[in-house]
Each structure stands twice: as C-alpha cells, then as structure tokens.
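Trainee: Sequence plus predicted model, see below.
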Amino acid sequence: LDVNQDSMDTVLQELITYLMPSAEIGETPLIGVVCDVSANSCSTFERMKALALKSVYAKFVPIYSCNSFHDMSACEEEVEGNLQALTQRKKMDALVFDPLL
C-alpha cells in the first residue's frame, strides 16, 4: 500500500488540531495508534509524535494487533486487556490505524 506522506500528515495534523480544545482546558488528549505487531516500526505512531511536538501536547500510545487471528476470542481478550491497561481512568480521544495494518 502506497500512502502519500503529505496526505497522511495533513490528516494527522487535522486530528491533532481537533483535539487542541481538550489540551487548552488542561486535559491531555490520549490518542491510540493501531499498528501491526509484526512490523519493525509503526510509521504512523512516529509521525503522530513528531507532528504533536510542533503544535500540542498529547499522549500517544501504540496498540498492536494480535500475534495470530486463528483464535479470535484469544485475540479479542488480548486487545481488550491492552486497551484497559492503556486507558485505566481516561477515555481514548481518538484511534488512528496505521495504513500498513
């Protein structure tokens, strides 16, 4: 999948701009980035962190896909556990999916 990086940056910047009111009232936006567990890196997660440093403080957390989709109930439990650990007492403000997922 070939994703135009400028287009992706524009979409990500718009998302961050949309979340700025939360940051202005003292809340830190929490943005989850869903990444492929088998990938060596998650370019969308790295781009989000870089773009946010230019405009607004936000907390970014990577959320990795399951190791295997053969057992969907185990996969569901794994993802649910990861999300609960990440969010603890705060809702997630946005989810972004890496296009390579």
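Mentor: Structure received.

Trainee: what pairs with the most centrally placed residue in the chain across the strands?
Mentor: By Cα atoms, centre = their mean, the chain has its centre lying nearest to Val33, at 1.6 Å. Beta-bridge pairing of Val33 under DSSP bridges involves Pro62, Val96.

Trainee: Enumerate every residue touching it.
Mentor: Going by Cβ atoms under 8 Å, 6 or more residues apart in numbering, Val33 touches 42, 44-45, 48, 60-63, 95-98. All C-beta spots, glycine's among them, are computed from the backbone N, C-alpha and C.

Trainee: can you do 6 Å?
Mentor: Taking Cβ atoms under 6 Å, 6 or more residues apart in numbering, we find Val33 in contact with 44-45, 48, 62, 96.

Trainee: Counting neighbours, which of these comes out on top?
Mentor: Met48 (25 neighbours; other Cβ atoms under 10 Å).

Trainee: any idea of the mean pLDDT for the longest helix belonging to the chain?
Mentor: Identified as the longest helix of the chain according to DSSP state H is helix 5-24. Helix 5-24 shows a mean pLDDT of 72 in the predicted model.

Trainee: now swap in stretch 42-59 and tell me
Mentor: 74.
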